[in-house]
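J.: Sequence and predicted structure are below.
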Amino acid sequence: MNSSCSLESSLLRENQAAVRTRAPNGELSIYVHIPYCVAKCPYCDFNSVASSSWPEEEYVAALERELGTYAKTDVFAGLPVTTVYFGGGTPSLFSPWAFERLLSAIAKDWPMHSSAEITMEANPGTVEIHRLQAFRAAGINRLSLGVQSFNDENLRLLGRIHGAQEAIEAVASAYGAGFDNVNVDLMYALPGQTLQAWERDLLQACALEPTHISAYNLTYEEGTPFYSWRKRGRLRPLEEETEVAMFTLAEDLLSQHGYCRYEISNYAQPSFPCRHNLRYWTCQPYVGVGAGAHGYSSAGGNLGWGFRWANERSPSRYMAQVQKEGHARVGLDHLDFHQAAGEFVFLTLRCTEGIDAAAFARRFDRRVDEAFPVIHSLVATGLLEPTPQGWRLSPRGTLLADSVFAEFL
Ligand code: SF4
């Protein structure tokens with residue numbers, strides 16, 4: 001594993017430095033969930049529904065109403081919006097008109113930062129250049145393409161609606177349509193995949209020169225067809241050593257091509273880390289709207305150490321609840337000190353720069369290793385290592401990240 005690839009991520013430092021003691025952060029991010037897909041991929045456990053048609057107008061109206069509700073709350077009112085993320089599902093199924101309307105609704109309710117990052121996830125099977133041009137004109141300035149693989153056999157196994165050639169054309173079309181910030185999502189550790197095949201996917205991605213590459217290992221989530229196929233022996237997961245070799249190959253090969261890993265599964269050219277996701281990983285506030293979306297605020301006072309909420313997951317029930325109540329919350333959790341501080345530690349540990357001890361102390365009025373003495377045993381066992389700012393996952397800790405995070409729950 002290449003741990004010397006240090007991204008000059010001033011963005012990450014800015015985010016960490018911006019974390020204030022128990023007060024709402026001075027900026028806001030907005031996540032908008034669009035849950036419709038052409039087909040349900042058998043490995044997917046996101047809140048998405050396969051549908052041949054979708055109530056675009058009605059759904060957009062519900063999103064506008066929900067945004068309006070949060071814009072009037074004390075905690076979120078008036079904060080400048082620095083990132084917006086349209087995720088799904090397959091947001092690119094909606095028309096450019098929908099994004100124009102939603103972005104105007106956000107800009108009407110909140111001051112929009114002039115250089116806000118506005119991302120849309122897109123399925124390579126649903127984009128062609130004129131459509132992409134219209135999305136760009138609607139205000140989207142970052143495109144995240146769910147490529148997953150450049151191998152047709154793997155794409156069929158994953159149940160994707162696009163082929164390898166379409167994926168290649170989608171990246172070229174994105175640049176042709178005027179996007180200069182494009183992410184390519186890849187998946188590895190697919191059943192039957194060899195290290196060589198994974199290398200070909202990585203090289204093809206690099207050849208297309210996206211600004212950002214996400215490389216996720218396949219997981220078998222309960223409730224998905226992949227989970228039961230694995231249980232019944234129809235799918236055979238790769239050996240753990242092969243998975244580790246694939247992670248290491250991604251890190252080495254991508255760093256040779258100018259992409260630095262800044263989070264467990266995310267790589268970027270300098271200045272192109274995803275600002276929206278960095279805000280999640282540094283515990284900054286965000287409003288989530290749409291079916292199954294989540295929101296979070298670090299606001300203190302009577303609300304304790306912050307709170308988070310989750311929305312109704314079913315799109316039809318989501319729309320009905322918003323129409324009745326102006327929001328679709330089905331759960332609201334106030335965080336106690338241990339939850340808020342633990343979340344801060346394991347989320348920031350996802351980033352390669354790790355925990356900023358001074359930011360923790362500013363926010364929680366305590367030393368981080370006093371609140372979590374386990375940090376010292378994790379250093380002793382080689383899972384964490386010290387940095388000038390605090391601690392980060394060691395190369396071995398990165399491979400065992402989930403068990404490290406469990407220590408802070
Ligand atoms: S396109 Fe994405 S969100 Fe939709 S089913 Fe496939 S993986 Fe899930």
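T.: Nice, I can see it.
J.: so where is this protein shaky, pLDDT-wise?
T.: For the chain, the stretches with pLDDT under 70 are 1-25, 300-303.
J.: What parts of it come near the ligand?
T.: With Cβ under 6 Å from any ligand atom as the criterion, the chain meets the ligand at residues 37, 40-41, 44, 46, 48, 88-90, 123, 146. (Each C-beta comes from the backbone N, C-alpha and C, glycine too.)
J.: one more time with 8 Å
T.: 37-41, 43-44, 46, 48, 50, 88-90, 121, 123, 146, 158-161 (Cβ under 8 Å from any ligand atom).
J.: Please spell out which residues along the longest strand that the chain contains are buried.
T.: If you go by DSSP state E, the chain has its longest strand at strand 112-122. Within strand 112-122, the residues scored as buried using 16 or more other Cβ atoms under 10 Å are 112, 116-122.
J.: Among the residues of the chain next to the ligand, the buried ones, what's the ChimeraX command?
T.: The command below creates a ChimeraX selection of those among these that count as buried (16+ other Cβ under 10 Å):
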select :37,39,41,43,44,48,88,89,90,121,123,146,158,160
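J.: so what's Phe46 up against?
T.: Counting by Cβ atoms under 8 Å, 6 or more residues apart in numbering, Phe46 touches 88-89.
J.: where does it land in three-state SS?
T.: Under DSSP: H, G, I helix; E, B strand; the rest coil, Phe46 falls in the coil class.
J.: ok, it to Ala371 distance?
T.: 33 Å (Cβ to Cβ, to the nearest Å).
J.: Helix, strand, or coil at Tyr216?
T.: strand.
J.: what bridges to it?
T.: Met187 (DSSP bridges).
J.: what's the burial count for it?
T.: Other residues near Tyr216 come to 14 when the count uses other Cβ atoms under 10 Å.
J.: again with Arg156
T.: When neighbours are counted by other Cβ under 10 Å, Arg156 registers 11.
J.: For it, what are phi and psi?
T.: Main-chain torsions, Arg156, degrees, to the nearest 10: phi -70, psi -40.
J.: Also Ile375?
T.: phi -50, psi -40.
J.: list the contacts for it?
T.: Ile375 sits next to 368-369, 384, 391 when contact means Cβ under 8 Å, 6+ apart.
J.: Now do the strands in the stretch 201-350 of the chain.
T.: 212-217, 260-263, 266-268, 286-289, 294-297, 307-311, 329-334 (DSSP state E, counting those that start in this stretch).
J.: Present these as a markdown table; the columns should include distance to His376.
T.: Listed next are those as a markdown table, based on distance: least, Cβ to Cβ, whole Å:
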| stretch | distance to His376 |
| --- | --- |
| strand 212-217 | 30 |
| strand 260-263 | 24 |
| strand 266-268 | 28 |
| strand 286-289 | 32 |
| strand 294-297 | 29 |
| strand 307-311 | 29 |
| strand 329-334 | 30 |
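J.: out of these, nearest to Lys108?
T.: Among those, the nearest to Lys108 by Cβ to Cβ is strand 286-289 (14.5 Å).
J.: Run through who's touching that closest one.
T.: 28-33, 63, 66-67, 70, 76, 279-280, 294-296, 309, 311.
J.: in it, what's buried?
T.: Neighbour-count burial for strand 286-289 flags 286-289 (criterion: 16+ other Cβ under 10 Å).
J.: What sits closest to Tyr133 if chain neighbours are left out?
T.: That one is not Tyr; residue 133 is Gln. Of all residues beyond its chain neighbours, the one nearest Gln133 is Ala177 (4.5 Å), with distances taken as Cβ to Cβ, 6 or more residues apart in numbering.
J.: Mind checking what secondary structure Gly192 has?
T.: Quick answer, by three-state DSSP: Gly192 is coil.
J.: Run through the residues that contact it.
T.: Applying Cβ under 8 Å, 6+ apart to Gly192 gives the contacts 157, 236.
J.: Quick check: the gap between it and Val322.
T.: 44 Å.
J.: for Val60, same thing?
T.: 11 Å.
J.: nearest to Met187, of the buried residues of strand 286-289?
T.: Closest to Met187, out of all of these and judged by Cβ to Cβ, is Gly288, at 24.3 Å.
J.: Excluding sequence neighbours, find me the nearest residue to Ala137.
T.: Pro96 (6.9 Å).
J.: Please report phi then psi for that neighbour.
T.: Pro96 adopts backbone torsions of phi -50, psi -30, taken as degrees, to the nearest 10.
J.: The ligand versus that one, what's the distance?
T.: Using Cβ to the nearest ligand atom, to the nearest Å, Pro96 is found at 19 Å from the ligand.
J.: looking at it, that residue is touching Leu132, isn't it?
T.: No. Contact criterion Cβ atoms under 8 Å: Pro96 and Leu132 do not qualify, at 9.2 Å.
J.: what about stretch 175-195, distance to the chain center?
T.: Put simply, stretch 175-195 sits 15 Å off its chain's centre (Cα atoms, centre = their mean, to the nearest Å).
J.: in that stretch, what counts as buried?
T.: 175, 177, 179, 181-191, 193.
J.: before we move on, what about stretch 395-409?
T.: Using 16+ other Cβ under 10 Å as the test for burial, stretch 395-409 gives 397-399, 401, 404-405, 407-408.
J.: Out of those residues, which comes closest to Glu243?
T.: Out of these, the member with the shortest distance to Glu243 (by Cβ to Cβ) is Leu399, at 9.0 Å.
J.: Was I right to think the closest one contacts Glu251?
T.: No. Using Cβ under 8 Å, Leu399 makes no contact with Glu251, being 10.8 Å away.
J.: which ones are touching the residue in the stretch 251-400 of the chain positioned nearest to the ligand?
T.: The nearest approach of the stretch 251-400 of the chain to the ligand comes at Gly292, 11.3 Å away (Cβ to the nearest ligand atom). With contact set as Cβ under 8 Å, 6+ apart, Gly292 has these partners: 33, 35, 47, 310-313, 318.
J.: Apply 7 Å and report the result again.
T.: 33, 35, 47, 311, 313 (Cβ atoms under 7 Å, 6 or more residues apart in numbering).
J.: Can you report phi and psi for the nearest residue to it once chain neighbours are set aside?
T.: Computed as Cβ to Cβ, 6+ apart, the closest residue to Gly292 that is not its neighbour in sequence is Asn47, at 3.4 Å. Dihedral pair for Asn47: phi -80, psi 90, per degrees, to the nearest 10.
J.: Settle this for me: Asn47 is touching Arg313, isn't it.
T.: Yes. Using Cβ atoms under 7 Å, Asn47 is in contact with Arg313, at 5.1 Å.
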